[in-house]
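>>> Mind looking at a prediction? Sequence and model below.
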Amino acid sequence: MKKLLIFVLLGLLVSAPGEILNQLLARHNLRAFRSTMISYGVLLLIGFFASKGLSAVCLKSKARLIQYLLFGFLGLMVEWFLLGNAPVLEPFQIITQPGMFTYWGTMLLAPCLIMERGFAELKRSFARFFASFSLLYLLVALVLPRAKGGIFLGFVLFAAGTTALNYFYVKYFTGLRQEERGGDAVRLPGPSRAAGKDSFDFR
């Protein structure tokens with residue numbers, strides 16, 4: 001139960017800055033922000049148990065990758081068919097698609113990375129980068145007048161920074177794979193972790 005609550009809270013935490021930009025700064029719609037975060041909470045509950053099921057039948061590296069791709073594509077379908085953000089509508093939407101995909105995948109993958117035992121430097125780097133670019137695009141959207149492109153530039157920075165998170169995810173997937181192969185590239189000091197007994201496994 002504790003891991004479930006932490007997972008959901010972390011997922012809401014990483015999703016909140018994007019929705020602050022989208023719902024509060026761009027649209028001034030507090031009600032939509034609240035309802036969106038509630039829906040994300042439900043999605044994270046589903047995602048937790050989906051991740052648990054994947055971890056039971058796949059190696060962790062494959063389970064995490066499948067989880068990321070699954071919820072990334074699910075998010076794009078929501079954006080395209082429910083929210084009207086399909087890339088056919090305007091050119092700007094084309095360049096934001098990788099960011100949208102990563103945003104939805106991050107909601108489910110970032111909690112796994114943060115809760116994972118080991119990977120200390122990777123987690124610190126991820127947290128610093130995420131906090132820095134989130135603060136940057138929110139400040140740009142807040143400080144620059146809308147008429148001078150503040151909101152637009154905020155969305156551009158959001159999409160670029162979110163897409164760049166894939167750098168950390170590739171390192172995460174690679175590190176998990178190395179551990180499964182008995183590699184030494186991403187390990188905690190001390191006894192071998194090849195069996196994965198002290199890593200985050202949803203149990």
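Structure received. As the structure is a computational prediction, the values presented were derived from the model and not from experiment.
>>> List the contacts of Leu109.
Arg64, Gln67, Tyr68, Phe71, Tyr169, Tyr172 (C-beta atoms under 8 Å, 6 or more residues apart in numbering). In this view, the C-beta of every residue, glycine as well, is placed from N, C-alpha and C.
>>> The fifth one is in contact with Tyr68, isn't it?
To tie it back to what came earlier, the one meant is Tyr169. Yes: using C-beta atoms under 8 Å, Tyr169 is in contact with Tyr68, at 6.6 Å.
>>> and for the two, which residues touch both?
By C-beta under 8 Å, 6+ apart, Tyr169 and Tyr68 have these common neighbours: Gly105, Leu109.
>>> of those two, who's got more company?
Between Tyr169 and Tyr68, Tyr68 has the larger neighbour count (other C-beta atoms under 10 Å), namely 23 against 20.
>>> Which positions in the lengthiest helix in the chain come out as buried?
When the chain is scanned for its longest helix (criterion: DSSP state H), the result is helix 30-57. Residues of helix 30-57 classed as buried: Phe33, Thr36, Tyr40, Leu43, Leu44, Gly47, Phe48, Ala50, Ser51, Lys52, Leu54, Ser55 (neighbour count, 16 or more other C-beta atoms under 10 Å).
>>> Return the helix or strand in the protein with minimum mean pLDDT.
Counting by mean pLDDT, DSSP states H and E, the chain has its least confident helix or strand at helix 91-115, which shows a mean of 91.
>>> Distance from that one to the middle of the chain?
Relative to its chain's centre, helix 91-115 lies at 5 Å (C-alpha atoms, centre = their mean, to the nearest Å).
>>> Show me what counts as buried in that helix.
Buried-residue list, helix 91-115, by 16+ other C-beta under 10 Å: 93, 96-114.
>>> now it against helix 30-57, angle please.
Relative orientation of helix 91-115 versus helix 30-57 (axes from the mean of the first three to the mean of the last three C-alpha atoms, to 10 degrees): 60 degrees.
>>> Quick check: next helix or strand after helix 91-115?
Using DSSP states H and E, the helix or strand that follows helix 91-115 towards the C-terminus is helix 120-143.
>>> mean confidence for that next one?
Average pLDDT, helix 120-143: 98.
>>> That helix - contacts with which helices or strands?
In terms of contacts (3 or more C-beta pairs under 8 Å, 6 or more residues apart in numbering; DSSP states H and E), helix 120-143 is packed against helix 2-19, helix 91-115, helix 150-164, helix 166-180.
>>> In a markdown table: these, plus distance to Gly84.
What follows is the helices and strands packed on helix 120-143, written out as a markdown table (distance: least, C-beta to C-beta, whole Å):
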| stretch | distance to Gly84 |
| --- | --- |
| helix 2-19 | 17 |
| helix 91-115 | 9 |
| helix 150-164 | 15 |
| helix 166-180 | 25 |
